[in-house]
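Predicted model and sequence below, questions to follow.
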Amino acid sequence: MLDIAVAFSRYRFLGPEFLTWLWYAIETDPDGIKAAAMGRGLLTVGDRIVLESSADQPAERVTITGENADLGEGIVALKKGALVAELRLHYMAGDQEWRFSLKGDTLALMGLKTPRSVPVESPDEVEGAVVDKVGLCDEVVRLLDSLFLRFIKLRVSERWREKAVSGIKAWIKAARP
Amino acid sequence: MGLLSSSVALARYRVDGKLEEPVLETVAESLQRHVIGDIDGNAAEKAVGWTSFETPYRPDFAGSSLVIGAYFVFALRVDKKAIPRGVIRKYCAAEEARELARTGARYLAREEKRRIRAQVEEGLLLTIPATPNIFDVIWHYEAGELWLCSTLKEANEALETLFYRTFHLSLIRLFPFTLAELSAKLSSSEHDRLLALSPTSLRG
């Protein structure tokens, strides 16, 4: 395996490409996304998107945030060649709800709010609460892995250049700012 | 933000290698050897060590439930003393004035000022308490996966260094490339194509 620091820097573009593809896939291929979620839930884009244009020096960042955020500004940034650097997502499975942000370069999960687990009221309850919370976090981790696996298999295939890139470009072009 | 907080941050790692059997004893003993030390009342500015998940201010692995479900659950603790610059300046000014009065000199040499500053800082470090920062660690030993409940660069770097020093096992941070290499089960031709990838322009 390559040196970690070298690999991080050399393939840093994979994270923003993944998040941009994810936004596109959520909008245009909900069934594919549902399949990646093992048919369990519905994934939607949340109330915060950060886009970054790496071609500019220094990089230009556009942050769209708020409950009723206008994603049009994000589309404008995509049209100018920016990619998604950070994406807030909302995942519903049955009556359970998760909210979290994904950072493109590290794929770190931030601000992960899981469905409410049983509150800890005595030391005896800590163990159960930990098992419960780890399970709830793991649900999102597995979803992320499944989505990333779908992306990376596509990214290293001929289908990326032949189909996916033109699909994403057409989606960006057709989207109204 | 800890695991049981309402909002959690997670950095994910792959653990490279296995520990000596019996694993539970090895983990407990190794954590105890690198337990966080108390730096209150001494001149140290920073301490990094392990602590227990349930009692992070009284680290004790013997009495704590290190194993919860299928996981080892403990915490990284980073204690730091931060002296406000203004406080350092104030004490240095007083010390420098005393030194000028004592020697009768009109100015202090740069080296002398540096010595006074070091002395002042050391004195202040003895008196101020360290602020503890606690980051929960969840280690799924059988799966070779570890989570740190923080995405702060300093916490992640401290974890990577201390984990290796403690267990002699490397942590591999999972980011897009390492996740692709280690988890995506790519065929050898897919792996070759992964290595050859370059950025795509998606400008619409």
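Structure received.

What about residue B:34, how many residues nearby?
Taking other C-beta atoms under 10 Å in any protein chain shown as the criterion, the count of residues near residue B:34 is 15. To be clear about C-beta, it is placed using only N, CA and C from the backbone, and glycine gets the same treatment.

How about the contacts made by it?
B:49-50, B:162, B:165-166 (C-beta atoms under 8 Å, 6 or more residues apart in numbering or on different chains).

Restricted to helices, list those.
Under the assignment DSSP state H, these contribute B:162, B:165-166 to helices.

helix/strand/coil for the residue nearest to residue B:28 when sequence neighbours are not counted?
Excluding its sequence neighbours, the residue lying closest to residue B:28 (C-beta to C-beta, 6 or more residues apart in numbering or on different chains) is residue B:61, at 4.8 Å. Secondary structure of residue B:61, reduced to three states by DSSP: H, G, I helix; E, B strand; the rest coil: coil.

residues near residue A:156, how many?
Residue crowding around residue A:156 was assessed by other C-beta under 10 Å; the count is 22.

follow-up on the earlier one: can you convert the ones in helices among the contacts of residue B:34 into CSV and add a column each for neighbour count?
Output for those, formatted as CSV (neighbours: other C-beta atoms under 10 Å in any protein chain shown):
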residue, neighbour count
B:162, 19
B:165, 12
B:166, 17
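
now the residues you listed in TSV, with distance to residue B:129?
Compiled in TSV, the ones in helices among the contacts of residue B:34 are given as follows (distance: C-beta to C-beta, whole Å):
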residue	distance to residue B:129
B:162	22
B:165	26
B:166	26
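
can you list the residues you listed in CSV and add distance to chain A and pLDDT?
CSV is the format used below for the ones in helices among the contacts of residue B:34 (distance: C-beta to the nearest C-beta, whole Å; pLDDT from 0 to 100):
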residue, distance to chain A, pLDDT
B:162, 17, 98
B:165, 18, 98
B:166, 19, 98
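
What residues does the residue in chain A positioned nearest to chain B make contact with?
Per C-beta to the nearest C-beta, residue A:172 is where chain A lies closest to chain B, at 2.7 Å. Going by C-beta under 8 Å, 6+ apart, residue A:172 touches A:75, A:78-79, B:202-204.

Just name the closest of those to residue B:29, please.
residue B:202 (51.5 Å; C-beta to C-beta).

what about that closest one, which SS state?
Under the three-state scheme (three-state DSSP), residue B:202 adopts coil.

so where is chain B shaky, pLDDT-wise?
Within chain B, the stretches with pLDDT under 70 are B:1, B:63-64, B:204.

per the record, what domains does it have?
B:11-81+B:133-195, B:85-127 (automatic domain parsing).

Off-centre distance for the first one?
In terms of C-alpha atoms, centre = their mean, to the nearest Å, the centre of domain B:11-81+B:133-195 is found 10 Å from the chain centre.

which helix of chain A spans the most residues?
helix A:126-155.

tally of neighbours for residue B:143?
11.

OK, contacts around it?
Contacts of residue B:143 (C-beta under 8 Å, 6+ apart): none.

Would you quantify the distance from the residue nearest to residue B:28 to residue B:36?
The spacing between residue B:61 and residue B:36, counted by C-beta to C-beta, to the nearest Å, is 12 Å.

For those two, list the residues in contact with both.
residue B:50.

Flag the shaky bits of chain A, pLDDT-wise.
A:1, A:54-58, A:68-70, A:177.

just the strands in it please.
Remark: strands assigned in chain A by DSSP state E are A:42-53, A:60-65, A:83-93, A:96-103, A:109-113.

Can you add distance to chain B and mean neighbour count and give those strands back as CSV?
Formatted as CSV, the strands of chain A follow (distance: least, C-beta to the nearest C-beta, whole Å; neighbours: other C-beta atoms under 10 Å in any protein chain shown):
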stretch, distance to chain B, mean neighbour count
strand A:42-53, 10, 19
strand A:60-65, 14, 15
strand A:83-93, 7, 21
strand A:96-103, 7, 19
strand A:109-113, 4, 19
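
Could you export those as a markdown table, including distance to residue B:29?
Below are the strands of chain A laid out as a markdown table (distance: least, C-beta to C-beta, whole Å):
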| stretch | distance to residue B:29 |
| --- | --- |
| strand A:42-53 | 43 |
| strand A:60-65 | 47 |
| strand A:83-93 | 40 |
| strand A:96-103 | 36 |
| strand A:109-113 | 31 |
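
Go through the ones you listed and name the closest to residue B:91.
Closest among these, using C-beta to C-beta: strand A:109-113, at 39.2 Å.

ok now the closest one, how far from the chain's centre?
12 Å.
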